[in-house]
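1. sequence-free structure coming up:
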């Protein structure tokens, strides 16, 4: 069930005149900076850009067209489209919008909050009816634009925090905690963790923290962990497990931040002659189809990605006006016991 929190209504958006006044220039000069037209002295340009950032000003590139008719654009900012998790989310969004006049416009942030900020500001100039983003953590500038906007906002995947408008997803901290409890109940005691190097992946970090908490409550801790120097991939999982086991052969289970890396761990076990589950447990996250199609289905947690995207878009369609209360919708998660841990 959704739960709601009180918040105040968003203030009116600043105008170009406000920007010009703060920068100490004419509106014509401010407009030329915004439109990147004509010669402008660098100090003047910097003053105008600083004023834009300070006020959260959004230029209206849709004036006279979309804005006058009511925009039918939904800006969707996702960390990746190569990771199957987010195409599943996008499929849910598309399903909710397919019988409506709304169309998603997609931006990919590569898990970089500064790229997210830049794409967000660019998209907002087209006056979208709503913005959909992954996660609850953004740059201060991006957060200010989101809070001050007259559009709806849905933040997906995570509910462990304070949303701008609507949050749809699951508690990743709880998912990590339940992972630890599940594996402890299955008799595992010597835990290892294989990480990737996406420092801005807040959801993976929350699962890691939840896991450590559950182990600590049971009088246990991670014996070993290794952070792969690059982004998540199947190869990263294979290489990371090889490094972990070369130094800590006593491990009886290794947890991966996602199914892609866990699959790589299984491939290493096949290469090294390690019997999965009997000699080493492997546990992932996401519940991808490929993991469940293996001869030994992957033990993992199912994140309800399609449902998250569909629910968020449906919720945004209920009203164009941002209500005075924030909404959090917990789609939950399921533990897939599988055959690898």
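-> Perfect, I can see it now. Quick caveat: nothing in here was measured; it's all calculated off a predicted structure.
2. what's opposite the residue nearest the centre of the chain in the beta bridge?
-> With distances taken as CA atoms, centre = their mean, residue 134 lies nearest the centre of the chain, 3.2 Å away. Listed beta-bridge partners, residue 134: residue 156 (assigned using DSSP bridges).
3. tell me the mean pLDDT for the helix or strand in which residue 265 is found?
-> When elements are defined using DSSP states H and E, residue 265 is found to belong to helix 259-272. Helix 259-272 comes out with an average pLDDT of 96.
4. now swap in stretch 163-182 and tell me
-> Stretch 163-182 shows a mean pLDDT of 97.
5. which residues of the stretch 201-341 of the chain fall in strands?
-> Along the stretch 201-341 of the chain, counting by DSSP state E, counting those that start in this stretch, strands occupy 222-227, 253-255, 281-283, 300-303, 325-330, 333-336.
6. could these go into CSV alongside mean pLDDT?
-> Supplementary listing: these in CSV, determined by pLDDT from 0 to 100:
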stretch, mean pLDDT
strand 222-227, 94
strand 253-255, 98
strand 281-283, 98
strand 300-303, 96
strand 325-330, 95
strand 333-336, 97
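7. can those go into TSV with extra columns for distance to residue 30 and mean neighbour count?
-> C-betas here are computed from N, CA, C, even on glycine. As requested, the strands of the stretch 201-341 of the chain are arranged in TSV below (distance: least, CB to CB, whole Å; neighbours: other CB atoms under 10 Å):
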stretch	distance to residue 30	mean neighbour count
strand 222-227	46	17
strand 253-255	53	28
strand 281-283	55	28
strand 300-303	45	24
strand 325-330	33	17
strand 333-336	48	17
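8. from what I see, residue 339 and residue 296 are in contact.
-> Yes: here residue 339 lies in contact with residue 296, judged by CB atoms under 8 Å, at a distance of 4.1 Å.
9. low-confidence ranges, the stretch 1-150 of the chain, go.
-> Judged by pLDDT under 70, the stretch 1-150 of the chain has its weakly predicted residues at 1-12, 36-38, 60-70.
10. I figured residue 182 hits residue 335, correct?
-> Yes: the pair residue 182 and residue 335 qualifies as a contact (CB under 8 Å) at a distance of 5.5 Å.
11. contacts only, for residue 123.
-> Applying CB atoms under 8 Å, 6 or more residues apart in numbering, we find residue 123 in contact with 75, 77, 105, 107, 131.
12. let's see that with 10 Å instead.
-> With contact taken as CB atoms under 10 Å, 6 or more residues apart in numbering, residue 123 is in contact with 58, 61, 73, 74, 75, 76, 77, 105, 106, 107, 131, 151.
13. so which of those residues are in helices?
-> Helix and strand membership here follows DSSP state H; of those, not one is in helices.
14. what two of the residues you listed are the furthest from one another?
-> When the contacts of residue 123 are compared pair by pair using CB to CB, the farthest-apart members prove to be 58 and 106, with a separation of 19.4 Å.
15. which of those two has more residues huddled nearby?
-> Set side by side, residue 58 and residue 106 show more neighbours around residue 58, with 22 against 16, by other CB atoms under 10 Å.
16. which residue ranges of the protein form helices?
-> Residue ranges of the helices in the chain, as given by DSSP H, are 16-23, 27-35, 42-55, 66-69, 85-97, 113-124, 140-148, 172-185, 202-217, 234-247, 259-272, 289-292, 305-317.
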